[in-house]
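1. just to be clear, the model below is a prediction. Sequence and coordinates:
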Amino acid sequence: MATLERPLRHRRFVSQPVPGHVLDLARLRGEKLIADEASTAESRLLAAASHDLRQPVHPFPLLVAALSPRANDSEARRLLDHVDCSVRAMGGLLDGQLDLPGPNAPRLDRTRPLQ
């Protein structure tokens, strides 16, 4: 493989055409670099979106906990329980949508049927 990657100046006749597989190797390296950059950009975008979407939700459980001791009557307690349930559901939905597996996460083996 090292002979394929030698620069042209090492060849005996510079006017000889470069073999197609050497050009393919260079093209593939360029395409891999582009794909790696796109993957990195996508990861950064997803991380930023995850943070930005979760940020406004974080104070709600704290507010529910702060209001809980002040809910003296049954109607206030019932409303607070509904708010707490909704906040938990919203957090669960965001977690489910935004917690995407990273490169080291276990993958499904698609060659075996599910049992």
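-> All right, it came through fine. Treat the numbers as computed from the prediction; the structure is a model and nothing was measured.

2. for this protein, give me the ranges with low pLDDT.
-> Low-confidence segments of the chain (pLDDT under 70): 1-22, 100-115.

3. which SSE is immediately downstream of the helix ranked longest in it?
-> Longest helix of the chain, by residue count under DSSP state H: helix 20-54. Per DSSP states H and E, helix 20-54 leads on to helix 59-67 as the next helix or strand towards the C-terminus.

4. still on that earlier bit, elements contacting the longest helix of the chain?
-> Counting contacts by 3 or more CB pairs under 8 Å, 6 or more residues apart in numbering; DSSP states H and E, helix 20-54 is packed against helix 74-98. Every residue, glycine included, has its C-beta placed from N, CA and C.

5. tell me the angle the helix it packs on makes with helix 20-54.
-> Between helix 74-98 and helix 20-54, the angle comes out at 170 degrees (axes from the mean of the first three to the mean of the last three CA atoms, to 10 degrees).

6. contacts for helix 74-98, please.
-> Defining contact as CB atoms under 8 Å, 6 or more residues apart in numbering, one finds that helix 74-98 is touched by 46, 49-50, 53-54, 57, 60-61, 64, 67-68, 70-71.

7. follow-up on the earlier one: buried sites along the longest helix of the chain?
-> Residues residue 50 are the ones in helix 20-54 that count as buried (16 or more other CB atoms under 10 Å).

8. kindly report the same for stretch 85-104.
-> Across stretch 85-104, burial judged by 16+ other CB under 10 Å covers residue 87.

9. could you list the domains of the protein?
-> Domain segmentation of the chain under automatic domain parsing yields 18-55, 58-99.

10. looking at the contacts of helix 74-98, which one is closest to residue 39?
-> The closest of the contacts of helix 74-98 to residue 39 turns out to be residue 46 (CB to CB; 10.7 Å).

11. state the distance from the closest one to residue 56.
-> As judged by CB to CB, to the nearest Å, residue 46 and residue 56 stand 18 Å apart.

12. kindly report the same for residue 49.
-> Distance of residue 49 to residue 56, computed by CB to CB: 13 Å.

13. got it, and residue 81?
-> Taking CB to CB, one finds residue 81 at 21 Å from residue 56.
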